[in-house]
Structures are given as C-alpha cells and as structure tokens.
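Student: Predicted model follows, preceded by the sequence.
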Amino acid sequence: MKMSDKLISAEEVVKHTTPESCWVVLYGNVYDVTEFLPSHPGGSRIILQLAGRDATEEYDPIHPPGILEENLKPEAKLGKIDPQTVAAAAGEPATKDDGKKKGGEDEDSYPPLESLLNLDEIEALATRRMPEKAWAYYYSASDDTFSKSYNNAVYRDILLRPRVFVDCTRCDPSTTLLGHAVGLPIFVAPAAMARLGHPDGEAGIARACARFGALQIVSNNASMTPEQIVAGAAPGQVFGWQLYVQNDRAKSEAMLARINKLADRFKFICLTLDAPVPGKRELDEKQNFGRGALTVASGVKTAGEPARPGGGGVGQQLFFGTASDLTWEPTLAWLARHTHLPVVLKGLQTHEDVHRAARYAPQVRAVLLSNHGGRALDTAPPALHTLLEVRKYCPAVFDRLEVWVDGGIKRGTDVVKALCLGARAVGVGRAALFGLGAGGQKGVERTFEILKAETETCMRLLGARNVGELSPRHVNARKVERNIFDGEAGLEAPGLWDRVRSKL
C-alpha cells in the first residue's frame, strides 16, 4: 500500500495541532503542513486555527487547484482520513459556524434578481447571502475608508449637459480596447478571491462577461486557475491578466509563461503598481478575531517566521511576498523579456506618472487610473482627479495611450461622465463581486444589465449615438476641476517620448 493510500483515523489527526506538529485534512487527505507553517502567506496562525480537523471548507474558496502540489513536498501527504472515525473525533466543534451573516434564510426569502434595480440593491442582497469573511474582504478599504467613499461621491459633483432635438433612436455602447472589439466600455477590474463569495467564482464572471462582450481582467490572486477561467470563453472574448510581481521573480516568470500559452484569450498584462504594500483594511483584519479565531493566541508564530503587518486579514495574506522594489525601466525591461503581450499599467494616480508611462509606448498600451478602490492609501485621489490632471497638464497622452479608470462606479451616468472626460473605458471590481455574491453568474449578468441600460439611457438623453460622440461638452466638471492638483506641471524634458530605448 502506498503511504498516500494509508487510512488515518480522525483521533490521530486531532493530536497534531501545534507548531511542532501540525496536520490538516483537505479533500479527504491528511497533510503534515508543519514545515510549511513559516512560509504560509497568511502566517502560521491561520493554519493552526484549522489544525487537527478538516480545513477543506475554509481552504477551497481561496486557493486555486495546484497550490498544494506547488507548496508541499510529496511526502507531506500522509494518507486518507478514515471516514468511519470522523464523527467520533475529539475536538470537533459541537456546532459548526456556517460563516453566514444571518441564519435561517432560505432561497424564497431573497428577492428575485430581476427586481433589483441598481447596484446598491445588488450589494445589499449580496451582504445578506455571502459569508461574513467574504463580505468583509470585498467591502473593506483602508483606514477611514474616505477614498473608497469619495471615489463614488466625486461623480455626483459632475453635472451632465443634455442636448435636445437629436435623433436618439439608436444607441451603440460598443468600443475597442487595445484594438479588440468589446460590447461595452465597461470592464471587470481585477478582483481577488471570487469563490469566497460564490462557487461560480471567476469563471462565472467570465460567462457573464461573454453575454455582454465585456472585457475581464483576471486577478493575480484569483481563486481559480487562468486555464479554468477561460476554458469556456466565447469566440473573441477578451481577457487581461493582472500581475503582482513577486520577490521571488521565478514565480512571476512561471505565471507569465502560463499566460503566454493562453495568448489567444489573454491579450495583455495588467501590471499593478498602486499597492506595493497592503493598506490597513480594518474590517478585513477584524475577521481574524471573530468567532473561533482566538482558539490560537493572536501572537503565535513559528520560529523564524517572517513578521507580517496588521491583523492578518485576507488582504494581508494575499500581499505577502509581493515585491515593493519595482522601478520603471528595469521592471518593464524584465517584463519584455518574459512576455510579448502589451502592458497596461494599473494604479497611476498623478499626471506626471501617466506622462512618463507614455514614454514606454508601444510596450505600454494603456494606463488604468486607480487608487486600488480606496484599499491602499486612504485620501489618495479618485481616478477622476487624475483624469482631469492629465487633461490639464499633458493632453497629448491621449494620442499615445488608452486611458482607463476604475473606482466608485455605481451608475451608468458615472460611466458616461468618465468617457466624456477622455477615459476609453471604466472598470468595476466590487460590483462584479457583489453581483456574484447576490446570485452567482446570474447576479453578475444582472449587474451588467443595469449598467448597460443606464449607460444607454444617459447617452440617449445627452444626444450621443455612440461613445465616439461623447465629449467634454456633455459635462460640467468645474466643481471637480477646482479641487485637482494645481502646482507646476513637473513634466520631463520635451522629446523624451521620441528617444529610442535600446534596453527594452
């Protein structure tokens, strides 16, 4: 009999719950994870909370297939759990916490998706249905959450200027992004851990995007593999892959090699720059001290384990190992050596950085103005401020790069306002996750139905038959313009865009 086929009793498993000997059960198999404890991205404490019992329910929504094999030696798999012994195992909780925010609700108690008329109502339903840990991770933002709130509020300060006596019978919201036809100027921004909120996960979001011809940027920290996510993609469906460069560059290079093999689906790399270190997301971190979380002392860690900032929420776990030493030319040169795909730089928040990004065209084909959904640096500017800075200080950028924005999009009018000011497209992250939490794939479809209909209504009332007809004359942004940066332009010397950079 192979060691991996050996039956191990639950009574034996529950004896191994310390940093010196830690066993867990995953998918019916028993693993000795003692050696892995110090290097776990979330710290040893999280695993030790699950030691000696079946951790599949907590593990599965977070980790895509293959992670076990990548991080554990073959001999760490000790055998199979003996199902006859599970019920009698010592140490099992008398009652199981199902992780739901509210108990006792069945499907009939939830409103039908078609009755939800806006994204706030979808978020409210998702809040009822999702596990508390998932909701806290999706909802949370850094510090006082000012940037998260202001991302949306700033759109209210831009007024629309409708035109009349215009034939608005037809309205076409389609456009192109990086030369690829898409059905909407709305894309799914990278959002991690979709299966925390619903088993459909990132693949469910992809299927919803297919219905609307929408682009999807898949998170570097997706809870499904890239191969799983694009497996059933529609013909012509466009994906981008988000990249967080790791301290261990070999890991990032291996992932880029996988994405290169899927270049018929993944059309660009979205290099994320707005979170070289994690923000302080207090609501997310609080989940580490919820029911059952204090069975292990909060300060416990194995010998030699690296220190981790904050309370160790999901966000802290995901960022462990992310490189914080990236600089312009070396990073882009490294990226050019490992992929031929064009690059979208995500997280630019000043006109100076956007102007510099244009130097690296055509390797860099677009910039995504973003403050990470208010999850990194609180009181960082909303994307609309940066967009207006670019219009004021370096409008020639629009001729060299596509400019995308994300953060705070709640209405179709928000979409249209960004397009009027020069954005090529707008991204939604939380909205897709809350749609998933509200009803899986169908919830994401309902999210897009609402945004598409609102966008088309706004365009019709402005007198625009397609997105190419939207212009700054359709909005009054003076109230926002007076709040943007008002110093010297601070741009690099003229002509830098035209220099040949042999290093890239």
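Tutor: Thanks, I have it.

Student: which residues touch residue 147?
Tutor: 141, 371, 374, 377, 378, 379, 380, 382 (Cβ atoms under 8 Å, 6 or more residues apart in numbering). All C-beta atoms are positioned from the backbone trio N, CA, C, and that covers glycine.

Student: And for residue 279?
Tutor: So residue 279 contacts 141, 142, 143, 315, 372, 375, 376, 377, 378 (Cβ under 8 Å, 6+ apart).

Student: Go again with 7 Å.
Tutor: Residues in contact with residue 279 (Cβ atoms under 7 Å, 6 or more residues apart in numbering) are 142, 375, 376, 377.

Student: mind checking the SS state of the closest residue to it other than its chain neighbours?
Tutor: Excluding its sequence neighbours, the residue lying closest to residue 279 (Cβ to Cβ, 6 or more residues apart in numbering) is residue 142, at 3.2 Å. For residue 142, the assignment made with DSSP: H, G, I helix; E, B strand; the rest coil gives coil.

Student: re earlier: is there a quick PyMOL command that grabs whichever of the contacts of residue 147 are buried?
Tutor: In PyMOL syntax, the buried subset of the contacts of residue 147 is picked out as below (16 or more other Cβ atoms under 10 Å):
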select buried, resi 141+371+374+377+378+380+382
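
Student: Can you flag which of the contacts of residue 147 belong to helices?
Tutor: Using DSSP state H, no member of these falls in helices.

Student: Which pair in the contacts of residue 279 has the greatest spatial separation?
Tutor: Greatest spacing in the contacts of residue 279, by Cβ to Cβ: 375 and 377 (9.0 Å).

Student: Between the contacts of residue 279, which sits nearest residue 411?
Tutor: residue 375 (21.2 Å).

Student: Please work out how many residues are found near the closest one.
Tutor: 27 (other Cβ atoms under 10 Å).

Student: Now do the same contact list for it.
Tutor: Neighbours of residue 375 in contact, by Cβ under 7 Å, 6+ apart: 141, 142, 279, 281.

Student: quick revisit: where does the residue nearest to residue 279 fall, phi/psi-wise?
Tutor: Dihedral pair for residue 142: phi -80, psi 150, per degrees, to the nearest 10.

Student: my guess is it meets residue 282, correct?
Tutor: No: Residue 142 is beyond contact range of residue 282, at 8.3 Å (criterion: Cβ atoms under 7 Å).

Student: Between these two, which is the more surrounded one?
Tutor: residue 142 (26 against 17).

Student: confidence score at that one?
Tutor: Residue 142 is assigned a pLDDT of 87 by the prediction.

Student: go on, residue 300?
Tutor: For residue 300, pLDDT reads 49.

Student: same question, the one 10 residues further on
Tutor: Looking at residue 310, its pLDDT stands at 48.

Student: ditto for residue 297
Tutor: pLDDT at residue 297 comes out at 37.

Student: same question, residue 319
Tutor: pLDDT at residue 319 comes out at 63.

Student: ok, now residue 67?
Tutor: For residue 67, pLDDT reads 81.

Student: still on that earlier bit, export the contacts of residue 147 to a markdown table and tack on distance to residue 20?
Tutor: Listed next are the contacts of residue 147 as a markdown table, based on distance: Cβ to Cβ, whole Å:
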| residue | distance to residue 20 |
| --- | --- |
| 141 | 38 |
| 371 | 43 |
| 374 | 41 |
| 377 | 40 |
| 378 | 40 |
| 379 | 45 |
| 380 | 43 |
| 382 | 49 |
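
Student: Span of stretch 183-195 from start to end?
Tutor: Taking Cα to Cα, to the nearest Å, stretch 183-195 runs 26 Å from one end to the other.

Student: For that stretch, list every residue counted as buried.
Tutor: 183-195.

Student: Distance from that stretch to the middle of the chain?
Tutor: 7 Å (Cα atoms, centre = their mean, to the nearest Å).

Student: go on, stretch 65-74?
Tutor: 23 Å.

Student: Among the buried residues of stretch 183-195, which lie within strands?
Tutor: 186, 187, 188 (DSSP state E).

Student: quick check, nearest of these to residue 24?
Tutor: Looking across these and measuring by Cβ to Cβ, the closest to residue 24 is residue 188, at 32.8 Å.

Student: excluding its backbone neighbours, what's nearest that closest one?
Tutor: residue 216 (4.3 Å).

Student: Distance-wise, check that neighbour relative to residue 203.
Tutor: 10 Å (Cβ to Cβ, to the nearest Å).

Student: Settle it for me: which of these two has more neighbours?
Tutor: residue 216 (26 against 22).

Student: Kindly report the domain assignment for the protein.
Tutor: 3-86, 132-277+322-485 (automatic domain parsing).

Student: Ends of the longest one, what's the gap?
Tutor: Start-to-end span of domain 132-277+322-485 (Cα to Cα) is 39 Å.

Student: Low-confidence stretches in the stretch 101-250 of the chain?
Tutor: 101-105 (pLDDT under 70).

Student: could you pull out the helices for it?
Tutor: Remark: helices assigned in the stretch 101-250 of the chain by DSSP state H, counting those that start in this stretch are 119-129, 132-139, 146-156, 201-212, 226-230, 249-261.

Student: closest to residue 405 out of those?
Tutor: Judging the helices of the stretch 101-250 of the chain by Cβ to Cβ, what sits closest to residue 405 is helix 146-156, at 9.8 Å.

Student: partners of the one helix or strand residue 30 maps to, with directions?
Tutor: Per DSSP states H and E, residue 30 falls inside strand 29-32. Looking at strand 29-32 with DSSP bridges, its partner strands are strand 21-26 (antiparallel), strand 77-81 (antiparallel).

Student: Need the winner for burial among the ones you listed.
Tutor: Ranked by mean neighbour count, the strands paired with strand 29-32 are led by strand 21-26 with a mean of 20 (mean count of other Cβ atoms under 10 Å).

Student: and that one, C-alpha only, in CSV?
Tutor: In CSV, the C-alpha atoms belonging to strand 21-26 read as follows (Å, rounded to 0.1, in the frame of the first residue of the first chain):
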residue,chain,number,x,y,z
SER,A,21,3.4,19.0,14.6
CYS,A,22,0.5,20.4,12.5
TRP,A,23,-1.8,18.2,10.4
VAL,A,24,-4.8,19.2,8.4
VAL,A,25,-7.4,17.4,6.3
LEU,A,26,-8.0,18.6,2.8
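
Student: model confidence over it, on average?
Tutor: 93.

Student: List of residues touching that strand?
Tutor: By Cβ under 7 Å, 6+ apart, strand 21-26 touches 13, 16, 30-34, 37, 47-48, 50-56, 59, 68, 81.

Student: can you rerun that using 10 Å?
Tutor: 8, 10, 12-17, 30-37, 44, 47-48, 50-56, 58-60, 63, 68, 72, 76-78, 80-81, 86, 89, 302 (Cβ atoms under 10 Å, 6 or more residues apart in numbering).

Student: of those, buried ones?
Tutor: 8, 10, 12-14, 16-17, 30-34, 36-37, 44, 47-48, 50-55, 58-59, 63, 68, 72, 76-78, 80-81, 86, 89, 302.

Student: Run the chain-centre distance for stretch 262-269.
Tutor: 18 Å.

Student: Figure out the length between the terminal residues of it.
Tutor: Stretch 262-269: ends 12 Å apart by Cα to Cα.

Student: Can you give me the buried ones in that stretch?
Tutor: 265, 266, 267, 268, 269.

Student: Secondary structure element for the third one, which one?
Tutor: In this case it means residue 267. Counting by DSSP H and E, residue 267 is found in strand 266-272.

Student: Could you double-check that residue 385 sits in contact with residue 154?
Tutor: Yes: between residue 385 and residue 154 there is a contact at 7.2 Å, judged by Cβ atoms under 10 Å.

Student: Thank you, goodbye.
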